[in-house]
Every structure is written in structure tokens, then in C-alpha cells.
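> Below are the sequence and a predicted model for it; my questions follow.
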Amino acid sequence: MNLLLASILIPVLAAILVIAGFNARRTAIFAAVLNFLLTLVIVSQFKLDGGYQFLLSVPAVPALGIKFSLGVDGLGVAMLFLSTAVTLAAIAIARPPKANVSWFYASLLFISAGAVGAFVSVDAFFYYMFHELALVPTFLLIGIWGSGDRQTAAWKITVYLAFGSFVLLVGLIGLYLSLPVGSRTWDFRELAQAARIGTLAPAPWVYITLFLGFGILVSLFPFHTWAPQAYASAPAPAAMLHAGVLKKFGLYGLLRLVTPIFPPAITEPFNNLLLVLLLGNILYVGLVTISQRKLDLMLGYSSVMHMGYIFLGILSWTTIGLAGAALMLVAHGLSIAALFALSGELRERTGTLKFSELGGLARTMPKFGLLFGFAAMASVGLPGFANFAGELMVFFGGFSAGKPVVGLNNFQIATAIAVWGVVISAVYMLRAYRRVFFGPPLERWKDLPEISTHAKVCVVGLLILLLIFGFAPQLLVKFVLPAIVQP
Amino acid sequence: MIVPYALEISVVCVGIFLLMVDAFLKTDKTTIAWTGVVVLLAIFGLTFALGPMPKGVIPEAFYVLDPTALFFKRFLLLATVLTLILSIDYSPVYQKFVPAAVPQAGLGEFFTLPVFACAGMMFMVSANDFIMIFVALELVTITFYVLVASMRKNQGSLEAGVKYLILGALSTGFLVYGITWLYGITGYTSLDGIQSVLPRVPEQYQPSVLFGLGLVLVALGFKVAAVPFQFWVPDVYQGAPTPVTAYLSVASKAAGFVVLLRVLEPFVTTPTFQVKVFGILTILAAVTLILGNLAAMSQQNLKRLLAYSSIAHAGYLLVAVASLSAPGAKVAIGFYLGGYLLMTFLAFLVLLNVAKVSGGDDIRDFNGLGKRSPVLALALLISMLSLAGLPFTIGFLGKFFIFEAALASGQYVLVVLGAITVACGFYYYLKVVMAMYWQPPAPSATNIQVSPFGQFLIALLVLAIIIFGIFPQPILGALTHL
Amino acid sequence: MLIDFLPILLHVVVAVGFATVVLVLNIALGRAGKRTKIKDTAYECGVIPEPGPQPRFSVKFYLVAMLFILFDIEVVFMYPWAVVYRDYIAQHGMLIFWSMLSFVIILLFGYAYAVKKGALEWGR
């Protein structure tokens, strides 16, 4: 059996078994472990210079050239690895809710299946379909087991993302229709090939529709408003999966469908606009993040803010920038998952995440504080963590992008401004850390239990991955690079 | 050689036979329905022995049997079978609202009339002449007048019947008036004849042709529930017996769309009329999309919500009609309606079973359905997701094909509207999902048992929705083979 | 071309105009005096009008009337059929005969149904 198909089917089958009445937690963890091991097998068998591998193709709608085809190249393997790793952490750390346990785990498994399916699809149509699979489980997870104003958050994320998805679908159809009749296809490889030999000549509106669609899904400023509230209200594993993995779908799509396909003649007129928008992500959302008074909202905003760097890397259209963006995809996914996992654990203990009600927790829970510190530093981009390597490459890419002019060109100006984002994220992370873990210990938090072993294992696992990729980014970059650099 | 309309003749004979059984034999009335189900399924099987026939083979010029007609004959037979099955489930409720002079009074007719409507609609999808269209349409609508109003002790049903009768009669008037105009200018009632004359219509008479076509469009817009001819839909759908509502929203709409396609065919292929006709259709599609979706958002009653959603779906279908210049548009319409059949009947099947126990069909009657009956809740979940257009369901592919056709023919405005209204759609369909899974059941609510046959049917529909949502080729093939 | 429709326009104007004029006259002249309840009653030579203005019909009347119309209509079809029958048979064969026969048979089934269901039993 095709390994990629298996990695999609395992969570789906597990979800069906869970609904059918198997022990929810055990089945889900078993499936997640199995899938992670399967990913490791895939990684070990992957040939670095082999292009797309583990191929499988079944025609679905021959009239429209739609095939159910799976396959991964280096970028796909990296995303698959991220998905299964975060899934494992999320499912392992999840606390079974009091009611509807089976639906809880089934929803998580469905999100995971959707993410894995999207990242291993070679066909743009199924790539899109798999992403949508996660929409309703997210709605249910936030709506039923969320906290705070969960219903508003659930509606907002679902309707907003449904809209974004259909904008994206329109863009995808536009791309498809740009091909001459007879050679129309949804295959990533054939699309890129057609763009290379010049038969694919999409109109500018296709570019901007795709960017808008992906932008909404990735919470590009000013379409980011769905994200923070949803992540703040979502139960921790759902936030981990969505912010860590699923949101990467849009950026992955940009790397797959936009950078290899659109010639500079189409993209350049929009560069300034998009630069302004991504600076909105970094500066405006960054400042908004500083002003947050609740840990979960702050994390939600910070995850929106970091999307700006990845956008910058993609927009730079340079090899180093794109590689940095790909590295950041993985790094940010791992670090935000660790942060949401810890904030979820914290909420379980204290019942509140308001800065004003917390303080001095490092005294009562030193290990918890230590882990949170590591995760926060990773997210800020401290050297040694993968985020640092990614951000650095993105900045290099951004600075070398654009046309040479006298003085600084727009890309260089934007990059120079974006670097300040690092300062901003250091400010909000450190402030949050100080508010929550330092300061005078409060009487009411004196007896908080220390972090549990299984949570510790999950978070430490994520952090170790971050450190490995931080000290040896080449491990990841050598996978990603052949996929990004077009021959 | 068998005559091409042997299918319709056999369906009429089945109807008469069932009517006679009802009148002369003292059997249990549900056997009538089951007999109908079995015989109609047999006729459904027969359709596969009958291939589509090219024009010219059939001597009768008023009748065509192209792949579209054949596909929709199967579609209508299936819809009728499902309606009969729903009617059997519904019969206890139905009997509460019918004067019980004798046991099971009125049930025989309730089971037999859909068969006649089926015959009428099967003629409709093959009709190639305005006279034929008119006669077939009347057979269908008159049958529906009776079916809608048949729960005589239920005020809602009576009100629905009167509204449907008056507005239906009005739309029939429009249809006949439009036909006379077209006949007056072109000298033909047959669509082939009109097609041959249209390019030669002198410029001074072109407004008259458009006027006639406009009147016909009004009548057909009434049939397919397009805005601004949708006033009757919510009240009639809510008041009519639930199986009839399902039948009305699926079969009648589908037959209406096929007739619409046939009537438009000569006009959209004639360059002098093309632009104006597409203009009218674009406006119709746009207002139908907007009003159907926006009005659905505030509904609190599931049947009414489905009525507005039926208007909204008519909007998506009209988008495809307005994109007829794209090669895939016709197939998209057929596929969309095929999917609509599956998901609508699934929704009504659940609605009927829940309403039977809860005694109401407001959305709050579905509170906590996830606990009261996981099977029904799952079925309704799938149906709602498919109606909303979520991938891996047939509803998504239907929307996808329609958007593809719309973009291919350059209907950008409609595509933008479509993307916005799809997001609206998510809101109101998920509202039902929310009630089922988020809200606790009412304290008095009991668990709902579904018969094994009902479970089998639900499983069948759910599987069809998902499988055709991934591999739609069987349906697409049936729509295009010749 | 539009000038051809002038007579129709005139017709519409006259029709609408006449109705309007009559209604206006009715309002202007009819409500001249004081209105009382007695004045508004129908005049029946001094006798109090009896019964009310809308007599109730038995619903059976409608049923029978409808059946009458249904079975009456068939004759409308049969007249033109009978007129062209001989010529048609000479030209196209027996199709015209079978068509009408099937129509009559269907009608017969309808009749049997109506009788069996007791639509014609007045006393029931």
C-alpha cells in the first residue's frame, strides 16, 4: 500500500473507529504514534534528489483533468513531518473532555487527516479538498469544547475561512482555465512545467485572487481578525493543530502554486501593496500583541504576526528567502504548538489566563516555567532555535530582493522595518513571561501541581526538534531546497 | 421496436393500476406504496435498456430522448421512489390531519398521485414543443395542488394549497401568454421550429420575441423558485406534507430546469438574442443567490430554512444557466441536481423522523440530536455539509463544476457573489449542526429509534453523497454519453 | 411598428377609463345622502331579506359539478376527432383510433374510481 495514502487513511480510520465506540484516547494516540512512525519511514526512504516520490495517481474527474494523486518532494516531506509530529503532541497532551469524548478525538483526527492529505497531494484540487476537511471539526472543537466566547469565535473562524476557501477555489479554477484547452491539469508538476515552457499564462486577477484566498487562510493583515480569537477560545490541541499545522496550508500553497508559476511581470506590480500588508502583520499586529492582557489572545496574535516574516520570505522570490520561509513554516509550527500546549495546561490549572490574575508561577512550577521560557524564546527567534535560522534567512532574502536602485529599494526598506518585529516580539513575550511567571507569588496559586510527565514529554519533544533544526538547519534546508529551486 | 415514450406510458399505467387497487381492493394502503416503489424501481432498471436516441430517429417531433432527458428520467424515478418511501414513514402523521371516514382514508391517493406527477415530469424533461411542455407541466402542477393541500384538517397545508394554486395558475397564464407571443412571431410552437426561424426574425420584432420569452421565463422562474417569483416557496414548503415538500423541491425543480434549458437553447445559440438573454439570466441568478441565502440566515424552522436554501440552490443553478456558453455548464446543472436530490432527501428523511417524535420541525427541536439519535444526527450533519458545499461531498463538486463553468464563460460578478453567498450558506447550515451537537436536548426529549430499513436508506444516501463526492464519474458519464 | 399597437392601447385606455369613471361616479353619487343600516339592506318589498346574502351550498354540489365538467370535456375532444377521423385513417392508418381509445379507457378508469369512491352517492 502507498505509504502516503496510509498516512491519510490511518487518522480517518481511527476517527471512524473512535465514533464507532473504541476507546477514544487510546485509539487516537495509537493512530498518532503510528502515523509519526510512518512519517519517519517515509523520511528515511526519501531520496534527496528524486523530485516527487511515493507517487499514486487515480483519475477522479477525467473530463476536468482532476486526479487523486499523492506524492511528496522535500517540502512535502517537511510539512508531513511537521503535521504528524504536532498531531502526536496535540493528541497526547489533550485532556479528554467530560462529555462527547469520542467526537472530540474524532475531530482532532479529522483535522490531522485533512492537514496530512493537503500536504501529500500533488493535485491542486485534492490539495484544496483536504484542507476543507478540517473546517467543520474545527468548528465543532471550538464550539463545543472551547472556552470564553467560544460560539462567536467558532462562527467567525468557520464563515471567514469558508469564504477564504471559496476565493481560493476561484483562483485555482482561474489558474486551471488559464491553460489551453486539452492540456488543462491540476497537477503541481504539470502546472509548473507549463509555466516554464510558457503555455500557462495566467491573468493578473488569478494572481491576486490566489494571494487573497491564501492570505485569508493564513491571516494576512487585514484578513487576520478570525485567528486570535479562535485560537484563544479553542481547546489547546485544536489550537496546536490549527495554528501549528493547518494555517501553514496557505503558505505551502503559495510556495507550490504561486512562486513557481507566476512570472515577475505579473507579480511585480503588486509587490508594494503586499509589502505594506505584511508589514501590517509584523508592525500593526505586533503592537496589538503587546497590548494584550490575556496569554491566550497574546499567543493568537503572535502567531498572526509571525506570518508576516514568512510572507516576506515568499515575496522576496529569492532562493534563500524561500528556503527561510519554508524553514519558518516548520519552526513556527513547532514553537506555537508548544506554546499553545503550555497555555492550555496552564488554563487547566488556573482557570484563567489574564495577566492581572497571574504571577509568580515560576516559584510554584519551576519546570513549567522553564519549558515555557524555552518555547517563548524559540518563538521570539533566539539563536539556537530553528526560528532564528528561518528569520535570518528570510531577512537575507528580503534584503537581496527587488531591483537594484540608488539607495535602498522597497524590499530593503521593508526588510529593515521588519527586523524591528523581532524587537516587538521580544517585548511582548518577555512581558508576558514576566507577568505570568515572575513577580510576587500569589497566595491562590500556591498549590498548583507541577507539569505532568506526559505533557512534559510532548513539549520537550517539540523543543528538541526546534533545537535540532536550529543548530543544524541544513538538515531541513537540504530537503526543502531542491523543491524550491526550479531546475 | 418499442416506442420511445414507453417509459412514461408504463408509469401512467402503474398509476392507474395503483388507483384501481386503492378503489377496489381492501388491502393495507401501504402495500400500494410498496408496490409503487418496486414497480418504479423496475422501470428505473428498464431505462438502462433504453439508450438515448438522436433526433430524427423518433418520429414524434415533440419528444426528444437525449442523454439529459434519459438522465433526468432516472433522476425523477428515483425521486419518486424516495418520496413514496418517505410517504410511508409519514403516513401516521398524515392520517391525523385527514378526516377519518374510513381507516386509512386518503392514503391511497397520497401514495398514487406522486406516480402521476412523475409521469408528467418525465414527459416534461423530454418535451421539445411548447404544447407538450404546457400539457406536461399542467399534469404535474395540478397533481401537486392536490398533494400540497391534501392534509385537510391542517391549516398550514390548506393555506399552502391555496397559495400554490393561485400563484401556480397565475404562472400558467404567463406561460401560455408567452407561448402565444413566440408562436405569433415565429409561427412555430416546436423549439426546433423556433430555432430555425430565430436568426431571421426582423429587427423590429425582436423586442416582441424577448417579451414572449420573458413571460415564459416568469412561468419557469416560478417553477424553479427563482427570485422574484419565489413568494410561494417558504409557505408552501412549510405547509405541505413533508414528503411532498421534498418531492416539490427536488423533482419539480429539476424538471423545471430541464425545460428552462430546452426553451433557452434556441435563444442562447442565436447571436442576435444571446447577449440580452444572458443579461436577463445573470440578473435573475444574482438576485436569487442573494435573497435566497440572506433570507435563509434568519430562519428558525428547518423546513422553512430548507425552503430558502432551495431558493439559494436555484440561484447556483441559475449561475450555471447564465454560463451556458461554457461547454461544461449543462453537465454541471445535471450533476448539481443529482447531488441536490441525494442531500435534500437525506435532510427530509431525518427531518421527518425527528418531527414524528418531537412533534415539530423548528431547529430547536433538533437540540441535542447528537445524543438522542447519533445515526440521524450524523446523517443530517452530512446532508447539511453537503448542502453547504464542503469538500468530499457531492455538494462541493456540484458547486465546483458550476463555478468552473461560470469562470470559463466569464461571469465574474456571479462568481464573486457566489463566493460570498457560500460563506452565508455555511452560517445557516452550520446553525443546524450547532443545534444538534452544541445544545443540550430538551428535558422532555426522548431518544429516537430508526427502523432498520430507514437506517439502510440513510446509509445508502450518505455513502452516495460521499462516494460521488470523490469519484463523480458515474454521474458525469450518464450525463454525457451518446 | 409600435403604431400598429395603437388600437390595443386605445382599448386598454377605454377599458381602464370606463371602470375608473364608473367607480368614481359610484362614490360621488352613491354616497350622497346619509347612510343608515336600513338604507343599506337589500329591498325586498318591505319584507326583511331572508336568508343571508351568501347561501351555503353542500360541498357535494361542487364535487358533482366538477365530475360533470370532467366528463363533459371529453366530448369537446371528440368532436374535432370525429370530423377528421375518416381522412386521417386514409392517410396515416389506425393511430388516431388507438389514441382516442386509450384516452377513453383512461377516462373509464377515472369513472370507475369516482363511482367506487362514492363520489356520486348523494345521500352519503
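Done, it's in.
> how much space between B:K26 and B:G108?
Distance, B:K26 to B:G108, using C-beta to C-beta, to the nearest Å: 11 Å. Bear in mind the C-beta positions are built from the backbone N, C-alpha and C, glycine included.
> out of those two, which sits in the more crowded spot?
Under the criterion of other C-beta atoms under 10 Å in any protein chain shown, the comparison of B:K26 against B:G108 puts B:G108 first, with 21 against 8.
> My guess is the more buried one contacts B:G15. True?
No - the pair B:G108 / B:G15 is not scored as a contact, 11.6 Å apart, by C-beta atoms under 8 Å.
> what about the strand of greatest length in chain A and chain B, touching?
Taking DSSP state E as the criterion, chain A has its longest strand at strand A:53-61. Yes - judged by C-beta under 8 Å from any C-beta of the partner chain, strand A:53-61 comes into contact with chain B through A:P59, A:A60, A:V61.
> List the contacts of A:G253.
When the contact criterion is C-beta atoms under 8 Å, 6 or more residues apart in numbering or on different chains, the partners of A:G253 are A:Y127, A:L168, A:L210, A:F214, A:L217.
> what's the answer for B:L198, then?
B:T186, B:V209, B:P266, B:F267, B:T270, B:T272, B:F273.
> which residues of chain C score low on pLDDT?
Applying pLDDT under 70 to chain C flags residues C:1, C:31-33, C:44, C:49-53, C:124.
> and the longest helix for it?
Counting by DSSP state H, the longest helix found in chain C is helix C:59-92.
> in stretch B:266-274, what counts as buried?
Buried residues in stretch B:266-274, defined by neighbour count with 16 or more other C-beta atoms under 10 Å in any protein chain shown: B:P266, B:F267, B:V268, B:T270, B:F273.
> for it, how far is the first residue from the last?
One end of stretch B:266-274 sits 9 Å from the other (C-alpha to C-alpha, to the nearest Å).
> and A:K67, what are its phi and psi?
Backbone torsions for A:K67, taken as degrees, to the nearest 10, come to phi -120, psi 150.
> Return the distance of stretch A:392-402 from the chain's centre.
Remark: stretch A:392-402 is offset 21 Å from the chain centroid, using C-alpha atoms, centre = their mean, to the nearest Å.
> Only alpha carbons, please: show that stretch as CSV.
Extracted in CSV, the C-alpha atoms of stretch A:392-402 (Å, rounded to 0.1, in the frame of the first residue of the first chain):
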residue,chain,number,x,y,z
LEU,A,392,17.7,35.2,9.4
MET,A,393,17.3,33.6,6.0
VAL,A,394,14.1,35.5,5.4
PHE,A,395,15.8,38.8,6.2
PHE,A,396,18.8,38.0,4.0
GLY,A,397,16.3,37.0,1.2
GLY,A,398,14.3,40.2,1.7
PHE,A,399,17.4,42.4,1.6
SER,A,400,18.7,40.9,-1.6
ALA,A,401,15.3,41.0,-3.3
GLY,A,402,14.0,43.6,-5.7
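> quick one on the thing from earlier: list just the nearest of the contacts of B:L198 to chain A.
B:T270 (24.3 Å; C-beta to the nearest C-beta).
> need the residues of the stretch 251-400 of chain B near chain A, please.
Applying C-beta under 8 Å from any C-beta, we find that the stretch 251-400 of chain B lies next to chain A at B:G328, B:V331, B:G370, B:L385, B:A388, B:L390, B:P391, B:F392, B:F396, B:L397, B:F400.
> Minimum pLDDT in those residues, which residue is that?
Within those, B:G370 has the lowest pLDDT, namely 82.
> Would you mind measuring from that residue to B:A347?
Taking C-beta to C-beta, one finds B:G370 at 16 Å from B:A347.
> More neighbours: which of the two?
Under the neighbour definition other C-beta under 10 Å, B:G370 and B:A347 were set side by side, and B:A347 has more, 27 against 24.
> element containing B:G279?
helix B:271-297 (DSSP states H and E).
> Show residues contacting the helix or strand that the longest helix of chain C is followed by.
Scanning forward in sequence from helix C:59-92 by DSSP H and E, the next helix or strand is helix C:95-116. For helix C:95-116, contacts defined as C-beta under 8 Å, 6+ apart pick out B:12, B:16, B:19-20, B:23-24, C:67, C:70-71, C:74, C:77-78, C:81, C:84-85, C:88-89, C:120.
> contacting residues for C:R86?
C:R86 neighbours (C-beta under 8 Å, 6+ apart): none.
> now swap in A:L299 and tell me
Contact analysis of A:L299 by C-beta under 8 Å, 6+ apart lists A:Y231, A:A232, A:I336, A:L339, A:F340, A:S343.
> what do you get if the cut-off is 7 Å, keeping everything else the same?
A:Y231, A:L339, A:F340, A:S343 (C-beta atoms under 7 Å, 6 or more residues apart in numbering or on different chains).
> next one: A:L217
A:L161, A:G164, A:S165, A:L168, A:F249, A:G250.
> re earlier: which of the contacts of A:L299 lies closest to A:A85?
A:F340 (14.2 Å; C-beta to C-beta).
> Quick check: which element contains the residue of chain C positioned farthest from its centre?
No residue in chain C sits farther from the centre than C:K34, which is 38.9 Å out by C-alpha atoms, centre = their mean. For C:K34, there is no host helix or strand (DSSP H and E).
> Give me the spatial nearest neighbour of the residue of the stretch 301-450 of chain B found nearest chain C, chain neighbours excluded.
Chain C sits closest to B:L352 of the stretch 301-450 of chain B, with a gap of 27.7 Å, by C-beta to the nearest C-beta. Distances taken as C-beta to C-beta, 6 or more residues apart in numbering or on different chains put B:T242 closest to B:L352, at 4.8 Å, once the chain neighbours are dropped.
> next one: B:W232
Per C-beta to C-beta, 6+ apart, closest to B:W232 is B:L167, 4.6 Å.
> How about the backbone phi and psi for A:F437?
According to degrees, to the nearest 10, A:F437 has phi -100, psi -20.
> A:L254 against A:L315, yeah?
No - in this structure A:L254 lies outside contact range of A:L315 using C-beta atoms under 7 Å: 9.0 Å.
> neighbour-wise, which of the two wins?
A:L315 (29 against 21).
> sec struct for the more buried one, please.
Following DSSP: H, G, I helix; E, B strand; the rest coil, A:L315 is assigned to helix.
> residues in contact with it?
For A:L315, the contacting residues are A:N271, A:L274, A:L275, A:L278, by C-beta under 7 Å, 6+ apart.
> if I look at the residue nearest to C:L63 when sequence neighbours are not counted, how far off is chain A?
Distance criterion C-beta to C-beta, 6+ apart; nearest residue to C:L63, sequence neighbours excluded, is C:A119 at 5.7 Å. Distance from C:A119 to chain A, counting by C-beta to the nearest C-beta, to the nearest Å: 54 Å.
> Just give me the neighbour total for C:A119.
C:A119: 15 surrounding residues under other C-beta under 10 Å.
> With C:V75 as the reference, measure out to it.
For C:A119, the distance to C:V75 - C-beta to C-beta - is 20 Å.
> Also A:L315?
For A:L315, the distance to C:V75 (C-beta to C-beta) stands at 82 Å.
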